[in-house]
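>>> Model the structure of this input:
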Amino acid sequence: MYKSILVPLDLGEASSWEKSLPSAIALCRTFGAELHVVTVVPDFGRSIVGSYFPKNFEGEALQKAADILKAFMAEHVPEDIVSKGHIAHGTIYEEINKAADKLGCDLIVLSSHRPELKDYLLGPNAARVVRHANQSVMIVRD
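You can find the predicted model right below:
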């Protein structure tokens, strides 16, 4: 049923993957699907904000995220799962949806991660992914 599954995660927030990653791994095993793990390094939003950071800050942040993601996957993704890690940079929900389209994913498995928004059904990024995705989206409650 599924051939390629995307799991977005926040490397600094375990609740963004503690339940969604095992669910995605189980689906990969069930369907023989490939797993794509993506983390998004947010952009500054406005150029004036970026002017307060050192010149190569974004490049270094992206490299550090790539290193952390590689170590994360080595620890949390079993060797029998065909997997690839991806780093994106920009607006979180837009980059998740772009990655899913670019990688040909047919399912996004996403945590309902909402640490400060307990009165909402989904956090703002999850809600936007659901609204704008071209793929099916499975929300795993944390």
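>>> Which pLDDT value goes with the residue sitting nearest the centre point of the chain?
Centroid-nearest residue in the chain: residue 8, 1.4 Å away (criterion: CA atoms, centre = their mean). According to the prediction, residue 8 has pLDDT 96.
>>> The nearest residue to it once chain neighbours are set aside and residue 134: what is the separation?
Distances taken as CB to CB, 6 or more residues apart in numbering put residue 96 closest to residue 8, at 4.6 Å, once the chain neighbours are dropped. C-beta coordinates here come from the backbone N, C-alpha and C atoms, glycine included. Distance of residue 96 to residue 134, computed by CB to CB, to the nearest Å: 12 Å.
>>> So those two - more neighbours on which side?
Counted by other CB atoms under 10 Å, residue 96 and residue 134 do not tie: residue 96 has more neighbours, with 27 against 11.
>>> Now do the helix or strand harbouring that one: everything it contacts.
Here residue 96 sits within helix 92-102, counting by DSSP states H and E. Outside of helix 92-102, the residues within contact range by CB atoms under 8 Å, 6 or more residues apart in numbering are 6, 8, 36, 38, 40, 42, 86, 88-89, 105, 108, 110, 124-125, 128-129, 132-135.
>>> again, only this time at 7 Å
Helix 92-102 has contacts (CB atoms under 7 Å, 6 or more residues apart in numbering) with 6, 8, 38, 40, 42, 86, 88, 108, 125, 128-129, 132-135.
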